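Student: Sequence plus predicted model, see below.
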Amino acid sequence: SAVISQKPSRDICQRGTSLTIQCQVDSQVTMMFWYRQQPGQSLTLIATANQGSEATYESGFVIDKFPISRPNLTFSTLTVSNLSPEDSSIYLCSVGKRGSPLHFGNGTRLTVT
Amino acid sequence: TQLLEQSPQFLSIQEGENLTVYCNSSSVFSSLQWYRQEPGEGPVLLVTVVTGGEVKKLKRLTFQFGDARKDSSLHITAAQPGDTGLYLCAGAGYSTLTFGKGTMLLVSP
């Protein structure tokens, strides 16, 4: 199974700033996904990161707030922009196929003050 | 919108006890996955059930998929502190994966 390294593991950011999260996979993968895990809530898919094209966003998530890069088949970044306390959450990178079991990174715990 | 309801939300038991957690939906899924997530880590896949009525065993864990493929259960026999974690079920559709909110299990020595 793929080994996924996610950085940073946690961060505390001030309101109005941005945080960029990196996800590195030890093998080439077609699809990479970004999830948000809010306290007491289920994992919610933010977007699918596509290599060579724009990310595909789920309903309720927009590129201006969550810009994503996918420069190659082993790497992706998610930026959470213009942070507010409501963005405090765990952000997870995962790989797999849509509808199939996923492999997850260890997540980034973001706290916005 | 497909929803998965997990129950209970939180379970605190003593080592050696048995427990069952449930994952229910009004929707039919092509398969259902169970994950365990420990603090500071991402979810790790435990099992995938595909066929209605299917039962899979993973050591002390028994997973069952409902006949109609709308629900599933996870039974743990003789729970151990190492079983502590958040148990998530996820239902797979054609191109979607819907997660439940999870059951937080705490097993005390």
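Tutor: Noted; the coordinates are in hand.

Student: and the closest residue to residue A:51 other than its chain neighbours, what is it in contact with?
Tutor: Leaving aside its sequence neighbours, residue A:51 sits nearest to residue A:70 (CB to CB, 6 or more residues apart in numbering or on different chains; 4.9 Å). From N, CA and C alone the C-beta is placed, and that goes for glycine too. By CB atoms under 8 Å, 6 or more residues apart in numbering or on different chains, the contact set of residue A:70 is A:32, A:49-52, A:55, A:76.

Student: before we move on, which element is residue A:70 in?
Tutor: Counting by DSSP states H and E, the element that carries residue A:70 is strand A:68-72.

Student: Just the C-alphas of that strand, formatted as CSV.
Tutor: C-alpha atoms of strand A:68-72 as CSV (Å, rounded to 0.1, in the frame of the first residue of the first chain):
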residue,chain,number,x,y,z
ILE,A,68,-4.8,22.9,-4.8
SER,A,69,-1.7,22.1,-6.8
ARG,A,70,-0.8,18.8,-8.4
PRO,A,71,2.5,19.2,-10.2
ASN,A,72,3.2,15.5,-10.6
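
Student: and it, what's its mean pLDDT?
Tutor: Taken as a whole, strand A:68-72 has an average pLDDT of 95.

Student: ok, whichever helix or strand comes after that strand near chain B or not?
Tutor: Sequence-wise, the next helix or strand downstream of strand A:68-72 (DSSP H and E) is strand A:75-80. No: applying CB under 8 Å from any CB of the partner chain, one finds strand A:75-80 out of contact with chain B, separated by at least 14.2 Å.

Student: Put together a markdown table for the contacts of residue A:70, with pLDDT, neighbour count and distance to residue A:63 on each row.
Tutor: Formatted as a markdown table, the contacts of residue A:70 follow (pLDDT from 0 to 100; neighbours: other CB atoms under 10 Å in any protein chain shown; distance: CB to CB, whole Å):
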| residue | pLDDT | neighbour count | distance to residue A:63 |
| --- | --- | --- | --- |
| A:32 | 93 | 27 | 16 |
| A:49 | 93 | 24 | 12 |
| A:50 | 86 | 15 | 13 |
| A:51 | 85 | 16 | 16 |
| A:52 | 82 | 8 | 16 |
| A:55 | 93 | 21 | 7 |
| A:76 | 96 | 26 | 14 |
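
Student: Next, count neighbours for residue 12.
Tutor: Here I'm looking at chain A. Residues lying near residue A:12 (other CB atoms under 10 Å in any protein chain shown) number 11.

Student: To clarify, I was referring to chain B.
Tutor: 11.

Student: how about it, secondary structure?
Tutor: Following DSSP: H, G, I helix; E, B strand; the rest coil, we place residue B:12 in the strand state.

Student: and residue A:67, what does it touch?
Tutor: Shown in contact with residue A:67 (CB under 8 Å, 6+ apart): A:78-79, A:81.

Student: out of those, which is most surrounded?
Tutor: residue A:78 (26 neighbours).
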